[in-house]
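# Sequence and predicted structure, then a few things I'm wondering about:
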Amino acid sequence: MVQELNVGVIGGGYAGMAAAVALAERGIPVTVFESAKQLGGRARGVVHQDTQLDNGQHLLLGCYRQTLRLIEQVGGNIGQDFLRLPLQLDLHGEFSLRAPRLPAPLHLLAALLNARGLPFNARLKAARFMLALRRNNFRLDGDMTVAGLLAQHGQDAGLVQKLWEPLCIAALNTPIHKASAQVLLHVLRDALSQSRADSDMLLPRVDFAALFPQRAANYVGQRGGKVFTSCGVEAIIPKDDGIELATAQGRATFSHVICAVSPAVATKLLRPIAQLDSAVAQIETLQHQPIYTVYLRYPAHVRLPHPMLGLHRRFSQWLFDKGQISGQHGLLAAVISAEGIHQELSQEELAQKVIAELREEFGIIEPPEWFKVIAEKRATFCCAPDLHRPPQQTALPGLLLAGDYTAGDYPATLEGAVLSGLRCAGSVRQHRFG
Ligand SMILES: Cc1cc2nc3c(=O)[nH]c(=O)nc-3n(C[C@H](O)[C@H](O)[C@H](O)COP(=O)(O)OP(=O)(O)OC[C@H]3O[C@@H](n4cnc5c(N)ncnc54)[C@H](O)[C@@H]3O)c2cc1C
């Protein structure tokens, strides 16, 4: 092995950049290779018609502690970078739940009991369900689907459709009949059971590349690290003195490599390495779920009743008013998460459905000046019960895996990605002191 620590990171998404920041912070030489022209991966800025968009509207929770901490570490300001809303779930005209300013978990119980749009009996069942989960510390004896768990706890159809299903799809990007109940409970545990602020919803005012990865690249650069964009890694080659990375621009050898790419790219890069057969097989079992975002540019005076609200039994699951969030007046975003019949429509047909829904629900009769549909077909892994996600450590000494799909409590989220990157950086640091 090469004597000194010197780390190569493949991929400049949230996982890779989190690892790079944690290494640079400790003065460990780090080089990030990103194949795209820009950093951010599945959470990146996109410009369309001179308008700054994201590849998809994202939302963070107050309990995403490590992501929020790192954003501040690299120069962000959580108060300015986000519109912060207390926990609320509004399905326009159908259901409304808002958490009052009470300590957790009373804020949730009060929100459930006072929710509008469900009979008292249903609200009581929801509150009892939450108390039962809390009593078991949000742990199940065995994993099962979310639909199975809801049935076991007598959550009736209205409750499922208006509360648990939208929540599960938003958190896990997986339909309730396929989604892991245990992973959902991890999110509920972290968001709902400790501090009230943990359940706050944070909507970014800046694009997702600017929010963290670009600032992280500056931070790494100021500490002697390097971040190369348009510089994809073509091969990972184990050597006697470390691990070599081959790019179109040349080759370099590192003491450690953190492979922080999506599952599909990871299998391609890892397959030629015989020791990694079982990791590759494990990654190949992961299935994926899409997220579609429809951006619509209306005249500046068009606005929604809230910065974020849901629709019940419509194509548009969640609507975001970018005017109220980031001052982009008249720009609306409709998010459609997980698999569904929307995938059978062309982008034009889908946009027309959303336009019709906005007209019918809010009386927005003017047509938008333009729309842009961004379909991320492999947005996240399908978060099924008892999923065997590959650990960060691999059978090849010095090679680590980061990314939202690697082992951890969280579904495919920014926080899951960041935690995996921090874990990899921690393993490298341990090597130094071990
Ligand atoms: C539309 C959408 C909406 C989402 N909404 C939310 C949300 O509201 N909240 C939330 O928490 N999460 C959300 N997510 C999930 C979140 O974006 C991801 O979990 C997270 O961004 C994954 O980060 P990552 O670093 O693991 O992977 P990626 O972001 O996929 O990063 C991998 C990087 O590797 C690069 N790369 C690929 N091949 C190579 C190569 N050969 N060499 C070098 N670099 C390479 C890629 O270009 C990419 O930059 C959403 C995702 C999508 C797509």
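Now that the structure is in, tell me what you want to look at.
# can you list contacts of the host helix or strand of residue 332?
In this structure, residue 332 sits in strand 331-337 according to DSSP states H and E. Strand 331-337 is contacted by residues 51, 53, 56-57, 169-170, 173, 289, 291-298, 302, 304, 315-323, 342, 350, 354, 357-358, 368, 379 when judged by C-beta atoms under 8 Å, 6 or more residues apart in numbering. Placement of C-beta: from N, CA and C, glycine included.
# now, which of those residues lie within helices?
Under the assignment DSSP state H, those contribute 169-170, 322-323, 350, 354, 357-358 to helices.
# nearest to residue 373, of those?
Ranked by distance to residue 373 (C-beta to C-beta), the ones in helices among the contacts of strand 331-337 are led by residue 350 at 5.9 Å.
# any idea how far the closest one is from residue 371?
The gap separating residue 350 from residue 371 is 9 Å, by C-beta to C-beta, to the nearest Å.
# Give the residues shared as contacts by those two.
Shared contacts of residue 350 and residue 371, counting by C-beta under 8 Å, 6+ apart, come down to residue 294.
# near the ligand, which residues of the stretch 251-400 of the chain show up?
260-262, 265, 291, 293, 376, 379-380 (C-beta under 6 Å from any ligand atom).
# now do 5 Å
Remark: the part of the stretch 251-400 of the chain in contact with the ligand comprises 261-262, 265, 291, 376, 379, using C-beta under 5 Å from any ligand atom.
# In the residues you listed, which residue is surrounded by the most others?
residue 261 (27 neighbours; other C-beta atoms under 10 Å).
# ok, now which ones touch it?
Counting by C-beta under 8 Å, 6+ apart, residue 261 touches 10-11, 13, 16, 269, 403.
# distance between stretch 225-236 and the chain's centre?
On the basis of C-alpha atoms, centre = their mean, to the nearest Å, stretch 225-236 sits 23 Å off its chain's mean C-alpha point.
# which of the ones in helices among the contacts of strand 331-337 sit farthest apart?
169 and 323 (25.2 Å).
# Neighbour count: these two, which is higher?
Using other C-beta under 10 Å, the more surrounded residue of residue 169 and residue 323 is residue 169, with 23 against 19.
# Hmm, that one is touching residue 318, no?
No: counting by C-beta atoms under 8 Å, residue 169 does not reach residue 318; the two are 9.3 Å apart.
# near the ligand, which residues of the stretch 51-200 of the chain?
56, 58-59.
# so which of those residues would you say is closest to the ligand?
residue 56 (2.2 Å; C-beta to the nearest ligand atom).
# what packs against the helix ranked longest in the chain?
Across the chain, the helix with the greatest residue count (assigned by DSSP H) is helix 414-433. Helix 414-433 sits against helix 14-25, strand 60-61, helix 65-73, strand 256-259, strand 399-401, with contacts defined as 3 or more C-beta pairs under 8 Å, 6 or more residues apart in numbering; DSSP states H and E.
# Taking helix 414-433 as reference, get the angle to the longest one.
Direction vectors for helix 14-25 and helix 414-433, defined by axes from the mean of the first three to the mean of the last three C-alpha atoms, to 10 degrees, enclose an angle of 40 degrees.
# helix, strand or coil for residue 123?
On the three-state scheme (DSSP: H, G, I helix; E, B strand; the rest coil), residue 123 is labelled helix.
# Can you get me a residue count around it?
21.
# nearest to residue 111, of the helices and strands packed on helix 414-433?
So among the helices and strands packed on helix 414-433, strand 60-61 is nearest, using C-beta to C-beta, at 15.1 Å.
# distance between that closest one and the chain's centre?
Distance, centroid of strand 60-61 to centroid of chain: 9 Å (C-alpha atoms, centre = their mean).
# Paired strands for that strand, with orientation please.
Note on strand 60-61: by DSSP bridges, its sheet partners are strand 201-204 (antiparallel).
# Counting neighbours, which bits of the strand it pairs with end up buried?
Of all the residues in strand 201-204, those buried under the rule 16 or more other C-beta atoms under 10 Å are 201-204.
# With stretch 159-177 instead?
So stretch 159-177, judged by 16+ other C-beta under 10 Å, has buried residues 159-176.
# which other helices and strands contact the host helix or strand of residue 280?
Per DSSP H and E, residue 280 falls inside helix 277-284. If you count contacts as 3+ C-beta pairs under 8 Å, 6+ apart, helix 277-284 packs onto helix 263-270.
# The helix it packs on packs against which elements?
When contacts are defined as 3+ C-beta pairs under 8 Å, 6+ apart, helix 263-270 sits against strand 233-239, strand 256-259, helix 277-284.
# what angle do that helix and strand 233-239 make?
40 degrees.
# Output helix 263-270 as CSV, nothing but the C-alphas.
Presented in CSV, the C-alpha positions along helix 263-270 are these (Å, rounded to 0.1, in the frame of the first residue of the first chain):
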residue,chain,number,x,y,z
PRO,A,263,-26.0,1.7,-8.1
ALA,A,264,-26.1,1.3,-11.9
VAL,A,265,-22.7,2.9,-12.4
ALA,A,266,-21.3,1.2,-9.3
THR,A,267,-22.0,-2.3,-10.8
LYS,A,268,-20.2,-1.3,-14.0
LEU,A,269,-17.1,-0.1,-12.2
LEU,A,270,-17.0,-2.9,-9.7
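# thinking again about what came up before, in strands, which of the buried residues of stretch 159-177 appear?
The strands, defined by DSSP state E, take in nothing from those.
# Show me what the longest strand along the chain pairs with in its sheet, parallel or antiparallel.
Ranked by residue count, the top strand of the chain under DSSP E comes out as strand 370-381. Within its sheet, strand 370-381 is paired with strand 288-297 (antiparallel), according to DSSP bridges.
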